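**Student:** Compute the structure for the input listed below.
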Amino acid sequence: MELNSLYLDELREFFKERGEKAFRANQLFTFLHEKKRKDIENSNLSKNALEIIKCEDVVETKIFKIFDSKLDETKKILFKLWDNNLIEGVLMKYKHGYSQCISTQVGCRMGCDFCASTKDGLVRNLTAAEMLNQVYEIENTLNINVSNFILMGSGEPLDNFDEVIRFIKLLHDKKGHNTSYRNITISTCGIADRIIDLANINLPINLAISLHQTNDIDRSNLMPVNKKYNLSKLRDSLIYYSEKTNNRITFEYTLIKNQNDGIKNVEELKSFAKGIKCHINLIPLNPIDEFDEKRPNNQEINHFKNMLEEKGFNVTTRRELGKDISASCGQLRRSVEVN
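**Tutor:** Predicted coordinates for the structure are as follows:
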């Protein structure tokens, strides 16, 4: 049992079942999630409470290496897990504060052509504690407070649905990190069934869809998930999500030169997004060795953006941060070995 993956009411039940007062759960929860500490022997728990939990796990995650960009204040972080697997995250500094990109799995099984994270397949899911540890380790090490979180690191968040929801609720807990749901974003390649599940939970978080293509043939070639959840199924789930939550959806759209940056794509995207309150975030391709395609130049990017805006879309182009410390998610994890 991972004590730092448990909700407060679960911790209370844990102590009560073992004959200890329920308020010990509050002490432990605060120590783990507000104080962000794991040296429980130095907490204010009683000797009896410490004896009760001594055989339970408090999962550790260590920072393996931090890469600092020379271009801006972005940091790329490798985290070492208890089983020597590596995951990575990104810390970005904006005027409004810090944003952190969180990994949800070791590797990924979605198989998107342009993504480095998926090239070795899925190794395993992360627990809620391992996701929380990415936050706490960075904040403790750098003596900062992170306000915004994007589940867009290694892995597909909705493929690890239960632990991701547990992570989000723990991160939000007022007795813990106390992060607003509005400051949390889930990015998914489009697992339609889980989008419906997410809608039914109705958390006021942000949802981003990795779209990247505008018709089934091209999207299936680029993103195998489309073979199971085609654009029609994805659209139906997003309509349901929009109606259920009234939240705006972001479409993440990686621009690939001469592949998805033409007028045909604009027309198809207009048809797909009809009736969905949305925003489009253009991401010029970060090339990787395993994907032999190019990014459009700035003029071509702006031309595509203008065409979308003429169709009534709200469009931004993602600002490139930390370009000199690994161009794409997953690349660092695959290129570094743990001794």
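**Student:** what residue ranges in this protein score low on pLDDT?
**Tutor:** Along the chain, segments meeting pLDDT under 70 span 287-290, 320-339.
**Student:** Do a quick rundown of the helices in it.
**Tutor:** 8-17, 23-29, 47-53, 128-142, 161-172, 192-201, 216-222, 225-228, 231-245, 263-272, 298-310, 331-335 (DSSP state H).
**Student:** quick one, domains of this protein?
**Tutor:** 3-53, 62-335 (automatic domain parsing).
**Student:** re the thing from before, so which of the helices of the chain gets nearest residue 92?
**Tutor:** helix 128-142 (11.5 Å; CB to CB). For every residue, glycine as well, the C-beta is placed using N, CA and C.
**Student:** give the contact list for residue 35.
**Tutor:** The contact partners of residue 35, by CB atoms under 8 Å, 6 or more residues apart in numbering, come to none.
**Student:** that older thread, any chance of the helices of the chain in JSON lines, with mean neighbour count too?
**Tutor:** Below are the helices of the chain laid out as JSON lines (neighbours: other CB atoms under 10 Å):
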{"stretch": "helix 8-17", "mean neighbour count": "16"}
{"stretch": "helix 23-29", "mean neighbour count": "20"}
{"stretch": "helix 47-53", "mean neighbour count": "15"}
{"stretch": "helix 128-142", "mean neighbour count": "21"}
{"stretch": "helix 161-172", "mean neighbour count": "20"}
{"stretch": "helix 192-201", "mean neighbour count": "18"}
{"stretch": "helix 216-222", "mean neighbour count": "16"}
{"stretch": "helix 225-228", "mean neighbour count": "18"}
{"stretch": "helix 231-245", "mean neighbour count": "17"}
{"stretch": "helix 263-272", "mean neighbour count": "16"}
{"stretch": "helix 298-310", "mean neighbour count": "15"}
{"stretch": "helix 331-335", "mean neighbour count": "19"}
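**Student:** quick one: which of those helices is nearest residue 61?
**Tutor:** For those, the distance to residue 61 is smallest for helix 128-142, at 3.5 Å, taking CB to CB.
**Student:** what distance separates the closest one from the centre of its chain?
**Tutor:** Taking the mean of its C-alpha atoms, helix 128-142 sits 14 Å from the chain's own mean (CA atoms, centre = their mean, to the nearest Å).
**Student:** again, but for stretch 29-40
**Tutor:** Chain-centre distance of stretch 29-40: 23 Å, with CA atoms, centre = their mean.
**Student:** Likewise for stretch 71-82?
**Tutor:** 15 Å.
**Student:** Just the buried positions in that stretch, please.
**Tutor:** Neighbour counts over stretch 71-82 (16 or more other CB atoms under 10 Å) mark 72, 74-81 as buried.
**Student:** quick one on the thing from earlier: take the helices of the chain and lay them out in CSV including distance to residue 107.
**Tutor:** Listed next are those as CSV, based on distance: least, CB to CB, whole Å:
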stretch, distance to residue 107
helix 8-17, 29
helix 23-29, 31
helix 47-53, 31
helix 128-142, 14
helix 161-172, 15
helix 192-201, 19
helix 216-222, 19
helix 225-228, 15
helix 231-245, 23
helix 263-272, 29
helix 298-310, 30
helix 331-335, 8
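**Student:** what's near enough to touch residue 96?
**Tutor:** By CB under 8 Å, 6+ apart, the residues touching residue 96 are 147-148.
**Student:** Just give me the residue closest to the centre of the protein.
**Tutor:** Geometric centre of the chain, nearest residue: residue 151, 0.9 Å, by CA atoms, centre = their mean.
**Student:** Identify the residue nearest it in space, chain neighbours excluded?
**Tutor:** Distance criterion CB to CB, 6 or more residues apart in numbering; nearest residue to residue 151, sequence neighbours excluded, is residue 157 at 4.4 Å.
**Student:** repeat for residue 53
**Tutor:** Leaving aside its sequence neighbours, residue 53 sits nearest to residue 3 (CB to CB, 6+ apart; 6.3 Å).
**Student:** distance of the one you found from residue 82?
**Tutor:** Distance of residue 3 to residue 82, given as CB to CB, to the nearest Å: 14 Å.
**Student:** if we can go back for a sec, for the helices of the chain, which one sits closest to residue 278?
**Tutor:** Nearest of the helices of the chain (CB to CB): helix 231-245, 8.3 Å.
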